[in-house]
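K.L.:
Predicted structure and sequence below. I'll ask about it afterward.
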Amino acid sequence: MPRLHQVALLLTTALLAACGQPALLPTPQVLAPLPSPTPFQAPSPTPSLNPESTPDPYATLTISALVERSYGGGQILDLGILGAVPTFTRHLISYPSDGLTINGFIDVPLGEGPFPVVLVLHGYVEPEGYQIENYTARYATFFANAGYIAIHPNYRNYPPSDSGPNEFRVGFAADVLNLVAIVNAQAGFPGLLQAANPDAVFLWGHSMGGGISLRVLTVGSDVQGAVLYAPMSGDERRNFEHIRDVLSGGTRGAEELTVPEEYLQLISPINYYERINVPLSIHHGDVDVVVPLSWSLELCEQLRTLGKQAECFTYHNMPHIFYGDNDALLIQRSIEFFERNIIKP
């Protein structure tokens, strides 16, 4: 049997199984406020490095540089149907990003729309074992069943996408920024996004995907809000020390930590949270051993100190990936957050 037919058959079975909604537990504890931190001061955009180091290897990685460049161009291409259920159809897609071809899938609900759009951003998976439909695919399934166009990009360097530069995962953020720009440009025109609502585009990111979302939001993008689920930190020194010392046993993260400190500050979203201008919904389990709960607690307090809209939840006895009734509650709260922040005509 051809591989595409096998994938479609397996997907159809999985999608049908995922359509049920388990009962919900009582509302988990809301994050307790921390003492107000010292507000972050955005660093100078011109670090004093050796003038002989030209061309500058880090200049394009800074938040300021990402703000100044443009995104979009091209379109989402339909590469065929992966599977279908009574409520939506899943298509294999590709789109251009910085000269690379990025693959993924899109779930398109049946009906005329207009449908809100959610970009489902997965966390770290070893690229060698990555598949188009990975662990976060089931969240896309729930959103599509709720009437959302769900787009699941797999970023550069994740087969079958092309390979490209990705220092500090800035390349991943560029792939998302390009995708958002394409969605906004294509919404309402013939194709997979004909029924998309351009005034209702959201990010939903888990772990690394949450960290990617933070960079996208500080750069600035035409989205209406973001759900961050056990996100990585906006502090890149903290992230890559954690990747080196805890998550990879020293096999990843060391190279990023050789970058001069002044550039780490310019690259780190944590110093630019004042640029975030959309609501956020942050969710974290209290027994997460992959990404510390304290990072989300700190993020919530920093956003609130800056006067940003942020709702923050912790989930009792939940690890890095939720399960059971609390997982269902996370999905329910995500959809409720999206619904509250759709721009009404």
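P.N.:
Received the coordinates, thanks. Residues are numbered from 1 along each chain as shown.
K.L.:
which is the next helix or strand following the one helix or strand residue 218 maps to?
P.N.:
Taking DSSP states H and E as the criterion, residue 218 maps to helix 208-219. With elements assigned by DSSP H and E, the helix or strand that comes after helix 208-219 is strand 225-229.
K.L.:
Which residues does that next one contact?
P.N.:
The set of residues external to strand 225-229 that reach it, using Cβ atoms under 8 Å, 6 or more residues apart in numbering, is 202-207, 209-210, 213-214, 216-217, 278-284, 296, 299, 330, 334, 337-338, 341. The C-beta positions use only the backbone N, C-alpha and C, and glycine is treated the same way.
K.L.:
Give me the mean pLDDT for the helix or strand just after that strand.
P.N.:
In the C-terminal direction, the helix or strand that comes right after strand 225-229 (DSSP H and E) is helix 236-242. Averaged across helix 236-242, the pLDDT comes to 97.
K.L.:
tell me the average confidence for stretch 335-342?
P.N.:
Taken as a whole, stretch 335-342 carries a mean pLDDT of 97.
K.L.:
Can you get me a residue count around residue 57?
P.N.:
Close neighbours of residue 57, defined as other Cβ atoms under 10 Å, add up to 12.
K.L.:
Looking at per-residue confidence, what score does it get?
P.N.:
So, for residue 57, pLDDT stands at 86.
K.L.:
tell me which element it is part of?
P.N.:
Per DSSP H and E: nothing holds residue 57, as it lies in no helix or strand.
K.L.:
next one: residue 291
P.N.:
Here residue 291 is covered by no helix or strand, with elements defined by DSSP H and E.
K.L.:
mind listing what it touches?
P.N.:
Residue 291 makes contacts with 207, 230, 231, 232, 242, 284, 320, as judged by Cβ under 8 Å, 6+ apart.
K.L.:
Out of these, which is nearest to residue 271?
P.N.:
The nearest member of the contacts of residue 291 to residue 271, counting by Cβ to Cβ, is residue 232 at 15.4 Å.
K.L.:
Spatially, which residue comes closest to the closest one, not counting chain neighbours?
P.N.:
Residue nearest to residue 232 in three dimensions, not counting chain neighbours: residue 211, with 3.2 Å by Cβ to Cβ, 6 or more residues apart in numbering.
K.L.:
State the distance from residue 262 to residue 271.
P.N.:
According to Cβ to Cβ, to the nearest Å, residue 262 stands 11 Å off from residue 271.
K.L.:
between those two, which one's more packed in?
P.N.:
Neighbours were counted for residue 262 and for residue 271 using other Cβ under 10 Å; residue 271 has more, 20 against 15.
K.L.:
before we move on, back to that, send the alpha carbons of the helix holding residue 218 over as PDB?
P.N.:
Provided in PDB are the C-alpha atoms of helix 208-219 (Å, rounded to 0.1, in the frame of the first residue of the first chain):
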ATOM      1  CA  MET A 208      10.200  25.200  22.500                       C
ATOM      2  CA  GLY A 209       7.100  26.300  20.500                       C
ATOM      3  CA  GLY A 210       6.200  28.600  23.400                       C
ATOM      4  CA  GLY A 211       9.600  30.100  23.300                       C
ATOM      5  CA  ILE A 212       9.300  30.600  19.500                       C
ATOM      6  CA  SER A 213       6.000  32.300  20.200                       C
ATOM      7  CA  LEU A 214       7.600  34.700  22.600                       C
ATOM      8  CA  ARG A 215      10.100  35.800  20.000                       C
ATOM      9  CA  VAL A 216       7.400  36.200  17.400                       C
ATOM     10  CA  LEU A 217       5.300  38.300  19.700                       C
ATOM     11  CA  THR A 218       8.300  40.600  20.700                       C
ATOM     12  CA  VAL A 219       9.200  41.100  17.000                       C
END
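K.L.:
Which strands or helices does it pack on?
P.N.:
On a contact count with 3 or more Cβ pairs under 8 Å, 6 or more residues apart in numbering; DSSP states H and E, helix 208-219 meets helix 63-68, strand 115-121, helix 170-186, strand 196-206, strand 225-229.
K.L.:
That helix - what's its average pLDDT?
P.N.:
Average pLDDT, helix 208-219: 98.
K.L.:
number of nearby residues for residue 340?
P.N.:
When neighbours are counted by other Cβ under 10 Å, residue 340 registers 12.
K.L.:
my bad, should have said residue 308
P.N.:
Around residue 308 there are 17 residues (other Cβ under 10 Å).
K.L.:
and the gap between it and residue 142?
P.N.:
Distance, residue 308 to residue 142, using Cβ to Cβ: 27 Å.
K.L.:
Ok, residue 162 next?
P.N.:
30 Å.
K.L.:
Compare neighbour counts for those two and give me the winner.
P.N.:
Summary of the neighbour comparison: residue 162 and residue 142, criterion other Cβ under 10 Å, with residue 142 having more neighbours (22 against 17).
K.L.:
That one belongs to a strand?
P.N.:
No. Using DSSP: H, G, I helix; E, B strand; the rest coil, the secondary structure at residue 142 is helix, not a strand.
K.L.:
Now do the same contact list for the closest residue to it other than its chain neighbours.
P.N.:
Setting aside the residues directly before and after it, residue 142 is nearest to residue 331 in space (Cβ to Cβ, 6+ apart), at 4.9 Å. Remark: with contacts taken as Cβ under 8 Å, 6+ apart, residue 331 is in contact with 139, 142, 143.
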